[in-house]
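# predicted model and sequence below, questions to follow.
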Amino acid sequence: MAELRQGGWGYHMCGQRNSSQVSIEAELAGLTDQINRYAELLVRKGVALRPGQELVVTGPIERADFVRVVVRCAYEAGAGNVTVIWSDDELSRLNYQYHESSFFERVPAWKRSQLNDLADAGAAFLTLTGSDPNGLKGVAPEKIATASRAHNEQCAAYREALLFGRCAWCIAGVPVVAWARAVFPEMGDHEAVLHLWRSILSTARADGPDPQEAWERHNAAFEKNKRIMNDYAFDHLRYRSANGTDFVIGMNKGHRWEGGSSIGSDGRVFFPNIPTEEVFTSPDRLRAEGIVHSAMPLVYAGNVIDDFWLRFEAGKVVEFGAREGEDVLRSIVESDEGSCRLGECALVAKDTPIRQSGLLFFNTLYDENASCHLALGKGFPECVEGGFEMSSDELAAHGVNTSMTHVDFMIGSDDLEIVGVTEDGEEVPVFLEGRWAWSEA
């Protein structure tokens with residue numbers, strides 16, 4: 001049997017190779033220029049790295065080849081230093097397997113210091129997401145929930161710096177074999193990685209000659225929808241679709257719809273998600289009524305939750321169910337006092353590149369940009385006027401949810417209709433048949 005070893009942008013077969021394998025390797029090598037431009041996009045537009053600034057890169061060790069390219073691009077952009085934090089699915093699973101839940105109640109001091117000190121120093125944070133969608137299947141959900149809660153509570157300086165725009169951050173994708181095989185199950189490892197690389201580059205608008213210029217154009221395209229939604233200043237939105245979704249969500253006074261780039265507290269423009277297609281706000285945490293059904297599976301901490309629903313009363317999840325992963329869904333809803341309420345409402349048309357690709361990515365960064373979605377947990381300060389200047393208590397008083405979690409789930413079916421209702425009762429179509437009501441057919 002041929003030995004697999006990491007190399008290039010995929011996995012080279014050592015020993016005897018057939019013509020198909022050689023062809024795939026050649027195609028992967030042909031992506032080198034695009035992959036290099038993608039790395040530059042993440043550094044220069046994603047986190048908008050400034051000369052002398054530190055960059056923190058978190059990425060899967062399986063994609064060390066791409067991480068090295070990012071590090072080189074960062075130094076070429078003038079980085080003062082680059083710190084790399086490696087992730088590995090197998091090691092994560094082993095840690096959960098051999099420790100009791102109580103072990104995860106405390107984040108090691110060196111980890112807390114690392115993230116909090118880097119955030120206090122004004123570093124930029126780039127997270128490269130690529131993992132096995134089923135990598136933690138079978139792990140007790142309470143262990144994962146405990147670890148997540150401890151990280152958010154004990155790395156508060158880091159979390160608050162990102163949330164309030166004091167540090168630029170970006171999440172972007174890189175392919176690993178297990179993820180690629182989940183998206184393209186009919187393919188072998190090498191071919192699946194090739195196809196996932198192409199999909200990542202395409203959806204990130206990094207497959208053309210100038211991805212950075214393409215993102216400037218893409219960012220401008222958000223302005224129309226944001227302007228219309230902000231001008232209407234809806235009191236609430238009403239959702240309906242044939243899958244059973246019948247749901248009303250209230251908006252906060254002074255809420256703002258955002259999307260595309262973010263502006264940090266220092267005025268820097270960066271992109272928290274690459275790719276991104278959503279226009280979003282933080283709704284009133286006390287005003288959600290009715291039932292919502294999932295339109296796509298949710299992958300959470302290496303577990304798949306599929307065909308699920310949630311029923312809300314007075315903004316709170318009071319009942320839920322799932323065909324698969326109900327225990328994981330429970331751990332999300334019951335994570336803390338605010339995890340049963342909504343922190344985000346996001347609108348995504350069904351004619352976006354990710355949705356049109358026809359792929360299910362099993363990765364929230366991508367799948368949330370193929371579908372209207374909601375999020376349980378923490379709301380965003382930038383989604384209320386003056387939010388960056390408010391304390392957490394002041395944000396809560398303005399209706400923005402407080403939680404140590406933020407979990408997106410997709411509800412945007414092809415027939416989804418959304419009606420916005422103004423304070424004086426005017427009803428305005430916002431989404432018809434899964435796309436913006438004012439867009440061209």
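All right, it came through fine.
# any low-confidence regions in the stretch 51-200 of the chain?
Nowhere does the stretch 51-200 of the chain drop to pLDDT under 70.
# quick one: the helices in the stretch 301-441 of the chain?
All helices of the stretch 301-441 of the chain, identified by DSSP state H, counting those that start in this stretch, fall at 326-333, 353-356, 364-367, 392-397.
# alpha carbons of the last one, as CSV, please.
Taking only C-alpha atoms (Å, rounded to 0.1, in the frame of the first residue of the first chain), the coordinates of helix 392-397 have been written out as CSV:
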residue,chain,number,x,y,z
SER,A,392,-22.3,44.8,28.8
ASP,A,393,-25.1,45.8,31.3
GLU,A,394,-26.0,48.8,29.1
LEU,A,395,-26.1,46.6,26.0
ALA,A,396,-28.4,44.2,27.8
ALA,A,397,-30.6,47.1,28.8
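# hang on, the earlier thing: of the helices of the stretch 301-441 of the chain, which is nearest N81?
Closest approach to N81 among the helices of the stretch 301-441 of the chain (C-beta to C-beta): helix 364-367, 26.4 Å. (Glycine included, C-beta is placed from N, CA and C.)
# distance between that closest one and the chain's centre?
Distance of helix 364-367 from its chain centroid, counting by C-alpha atoms, centre = their mean, to the nearest Å, is 6 Å.
# stretch 32-43 too?
Averaging C-alpha positions (C-alpha atoms, centre = their mean) puts stretch 32-43 20 Å from its chain's average.
# return the set of buried residues in it.
Q34, I35, N36, R37, Y38, A39, E40, L41, L42, V43 (16 or more other C-beta atoms under 10 Å).
# and the residues you listed, which is closest to W309?
Nearest member of the buried residues of stretch 32-43 to W309, counting by C-beta to C-beta, is L42, at 35.9 Å.
# tell me the secondary structure at that closest one.
Three-state assignment for L42 (DSSP: H, G, I helix; E, B strand; the rest coil): helix.
# ok, which of the helices of the stretch 301-441 of the chain comes nearest G80?
With C-beta to C-beta as the criterion, G80 lies closest to helix 364-367 of the helices of the stretch 301-441 of the chain, at 27.6 Å.
# can you name every helix or strand that that closest one contacts?
Helices and strands touching helix 364-367, by 3 or more C-beta pairs under 8 Å, 6 or more residues apart in numbering; DSSP states H and E, are strand 169-173, strand 298-300.
# how about a cut-off of 7 Å?
Contact here means 3 or more C-beta pairs under 7 Å, 6 or more residues apart in numbering; DSSP states H and E; on that basis helix 364-367 packs against strand 169-173.
# sheet partners, orientation included, of the longest strand anywhere in the chain?
Secondary structure of the chain read by DSSP state E shows that its longest strand is strand 303-313. Using DSSP bridges, the strands paired with strand 303-313 in its sheet are strand 288-293 (antiparallel), strand 298-300 (antiparallel), strand 316-324 (antiparallel).
# picking up where we left off before, same list (the buried residues of stretch 32-43) but as JSON lines, adding distance to E160 and pLDDT.
Converted to JSON lines, the buried residues of stretch 32-43 look like this (distance: C-beta to C-beta, whole Å; pLDDT from 0 to 100):
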{"residue": "Q34", "distance to E160": "36", "pLDDT": "97"}
{"residue": "I35", "distance to E160": "34", "pLDDT": "97"}
{"residue": "N36", "distance to E160": "34", "pLDDT": "97"}
{"residue": "R37", "distance to E160": "33", "pLDDT": "98"}
{"residue": "Y38", "distance to E160": "30", "pLDDT": "98"}
{"residue": "A39", "distance to E160": "28", "pLDDT": "98"}
{"residue": "E40", "distance to E160": "29", "pLDDT": "98"}
{"residue": "L41", "distance to E160": "27", "pLDDT": "98"}
{"residue": "L42", "distance to E160": "23", "pLDDT": "98"}
{"residue": "V43", "distance to E160": "24", "pLDDT": "98"}
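# okay then, goodbye and thanks.
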